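Colleague: Quick one: sequence and predicted model below, then my questions.
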Amino acid sequence: MFERIRQMLVKEFIQVFRDPRMRTVIFVMPCVQTLVIGYAVTLDVSHVRTAIYDLDQSVDSRELVSRLVGSGYFDVVEHVDNDRRARELLDRGRVTAVVRLDHGFAEDLRAGRTAPVQVIVDGTDSNTAGIVLGYVSRITGAASQEILAERLRRQTGVRREPGLVELRSRAWFNENLQSRWFFVPGVIAIVVSLATLLLTSMAVVREKEIGTMEQILVSPITPTEFILGKTVPFAVIGFIDVTAVTVVGVFWFEVPIRGNLLLLFGATGLYLMTTLGIGLYISTISQTQQQAMMSTFFFFFPAMLLSGFAFPIENMPQVVQWLTYVNPLAYFLVIIRGIFLKGVGADVLWPQISVLGVMGVAILTLVSRRFHKTLS
């Protein structure tokens, strides 16, 4: 038995690594993808391209504009003087926001009246638009507080600052609220998932295309030996990829890893059981490698969208949330983010770890039984 498995392992490793380009794809591309996606996938909004439409041209209006620029969130790309130009900049996507201050802005402030400020944002990206409006709201709110304090001093002659309610917030696990810390561990899971799914989904169908499947059928190999021979090499590759992309995440993006590395690799092993099993199942129902690749992508993208990688599962409709219960990637993301950012252990993550273990065993058992009638 062990000799047959060893021969299968040797054959698979030779078949995978004999092409230098395949070695590059397996070991280099995951790191490159982690670098590219790690920079691209972020919800942090800064350097918002902004146009200023200042009809008042007063000291007070220019002071408010300088506050916006001084915050570091806004880059003024143009000062406009008519509605047509402001609309054109928004339509062409050259600016994300237009800040408009009408005639009489300074006069209203000095008279003790409310001075309106209009902010027109490009709502195509609702998330960015909401964040931009939040920035402007906080900056104008701070300016209003200073104006009120100054007005109170003038009216009462008291130089003491009025009492204010101060909010003191504290974020656990991600102190600076960097979205990259949230996304990079998820990118690690995504990259490893795609690599192992693609490799495994073409493992059996490749045997069919090159004509070696018949030799396997007439050999004394058992379904269990066949499954081990097809999954162990790709499991090894998966662990190597996890190590490589974790190094990139920790040392390049400076994402902290506060938990136990042994727990991370143990959970990764359970997760790889599910991805390798799904990949093998796709390979058994496909007739060509092209079909296997397309089937893998049809499975992967819904799994990624329903995993909580970018969108909170709690915000999804109830029916869609039920689908996430059978998505192994959703459980692995909870584990990997918990280990990286929270530093929690198996005492907290045992429900997700247990589900991954059950899923992995169930999927591999299903695939093994699918081979049983043919190979026995």
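Modeller: That came in fine, so what should we check first?
Colleague: rest of the way, CA atoms for contacts and neighbours
Modeller: Will do.
Colleague: Show me what secondary structure element comes after the lowest-mean-pLDDT helix or strand in the chain.
Modeller: Sorting the helices and strands of the chain by mean pLDDT, DSSP states H and E puts helix 213-218 at the bottom, at a mean of 66. Using DSSP states H and E, the helix or strand that follows helix 213-218 in sequence is helix 223-247.
Colleague: buried ones in that following helix?
Modeller: By neighbour count with 16 or more other C-alpha atoms under 10 Å, helix 223-247 contains the buried residues 223-235, 237-239, 241-242, 244-246.
Colleague: what's downstream of it, the next helix or strand?
Modeller: Going down the chain from helix 223-247, the next helix or strand is helix 261-285, by DSSP H and E.
Colleague: which residues sit against that following helix?
Modeller: Residues outside helix 261-285 that contact it (C-alpha atoms under 8 Å, 6 or more residues apart in numbering) are 193, 196-205, 231, 234-235, 238-239, 292, 295-296, 328-329, 332, 335-336, 339, 345-346, 353, 356-357, 359-361, 363-364, 367.
Colleague: Report the buried members of these.
Modeller: Looking at the contacts of helix 261-285 with 16+ other C-alpha under 10 Å, the buried ones turn out to be 193, 196-205, 231, 234-235, 238-239, 292, 295-296, 328-329, 332, 335-336, 339, 345-346, 353, 356-357, 359-360, 363-364, 367.
Colleague: From these, which land in helices?
Modeller: 193, 196-201, 203-205, 231, 234-235, 238-239, 292, 295-296, 328-329, 332, 335-336, 346, 353, 356-357, 359-360, 363-364, 367 (DSSP state H).
Colleague: Okay, strands next: where are they in the stretch 51-200 of the chain?
Modeller: For the stretch 51-200 of the chain, the strands defined by DSSP state E, counting those that start in this stretch cover 74-79, 97-101, 118-121.
Colleague: Tell me which of these lies nearest to residue 16.
Modeller: strand 74-79 (50.0 Å; C-alpha to C-alpha).
Colleague: From the contact counts, what lies against that closest one?
Modeller: strand 48-54, helix 59-70 (3 or more C-alpha pairs under 8 Å, 6 or more residues apart in numbering; DSSP states H and E).
Colleague: Swap in 10 Å and give it another go.
Modeller: strand 48-54, helix 59-70, helix 83-91, strand 97-101, helix 126-156 (3 or more C-alpha pairs under 10 Å, 6 or more residues apart in numbering; DSSP states H and E).
Colleague: Starting from that strand, tell me which strands it pairs with and how they run.
Modeller: Each strand that pairs with strand 74-79, with its direction, by DSSP bridges: strand 48-54 (parallel).
Colleague: What average pLDDT does the partner strand get?
Modeller: Averaging pLDDT along strand 48-54 gives 93.
Colleague: just how off-centre is that strand within its chain?
Modeller: From the chain centre to the centre of strand 48-54 is a distance of 30 Å (C-alpha atoms, centre = their mean, to the nearest Å).
Colleague: before we move on, what about stretch 187-195?
Modeller: 11 Å.
Colleague: And stretch 77-91, by the same measure?
Modeller: That offset, for stretch 77-91, works out to 34 Å (C-alpha atoms, centre = their mean).
Colleague: Identify each buried residue in that stretch, please.
Modeller: In stretch 77-91, the ones that count as buried by 16+ other C-alpha under 10 Å are 78, 80, 86, 89-90.
Colleague: what about it, how long is it end to end?
Modeller: Using C-alpha to C-alpha, to the nearest Å, the end-to-end distance of stretch 77-91 comes to 15 Å.
Colleague: what sits up against it?
Modeller: Here stretch 77-91 makes contact (C-alpha atoms under 10 Å, 6 or more residues apart in numbering) with 48-55, 93-100, 120-122.
Colleague: Give me the buried entries from those residues.
Modeller: Applying 16+ other C-alpha under 10 Å to the contacts of stretch 77-91 flags 48-55, 95-100, 120-122 as buried.
Colleague: Tell me who's in contact with the residue nearest to the spatial centre of the chain.
Modeller: Nearest to the geometric centre of the chain sits residue 183, at 3.9 Å (C-alpha atoms, centre = their mean). The contact partners of residue 183, taken as C-alpha under 10 Å, 6+ apart, are 37-39, 41-43, 189, 255, 309-310, 337.
Colleague: Throw these into a markdown table and include secondary structure, thanks.
Modeller: Listed next are those as a markdown table, based on DSSP: H, G, I helix; E, B strand; the rest coil:
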| residue | secondary structure |
| --- | --- |
| 37 | helix |
| 38 | helix |
| 39 | helix |
| 41 | coil |
| 42 | coil |
| 43 | coil |
| 189 | helix |
| 255 | coil |
| 309 | coil |
| 310 | coil |
| 337 | helix |
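Colleague: which among these gets closest to residue 9?
Modeller: Closest approach to residue 9 among those (C-alpha to C-alpha): residue 189, at 25.1 Å.
Colleague: ok, residue 100 touching residue 64?
Modeller: No - the criterion here is C-alpha atoms under 10 Å, and residue 100 misses it with residue 64 at 11.1 Å.
Colleague: where do the contact lists of the two overlap?
Modeller: residue 117.
Colleague: Could you count how many residues lie near residue 315?
Modeller: 10 (other C-alpha atoms under 10 Å).
Colleague: That should have said residue 172, apologies.
Modeller: By other C-alpha under 10 Å, neighbour count at residue 172 equals 10.
Colleague: so what's residue 332 closest to, chain neighbours aside?
Modeller: residue 271 (6.7 Å; C-alpha to C-alpha, 6 or more residues apart in numbering).
Colleague: typo on my end, it should be residue 313
Modeller: residue 321 (6.3 Å).
Colleague: ok, that neighbour - contacts?
Modeller: Residue 321 neighbours (C-alpha under 10 Å, 6+ apart): 306-307, 313-315.
Colleague: do the same with residue 319
Modeller: So residue 319 contacts nothing (C-alpha under 10 Å, 6+ apart).
Colleague: Also the one 4 residues further on?
Modeller: By C-alpha under 10 Å, 6+ apart, the residues touching residue 323 are 303, 306-307.
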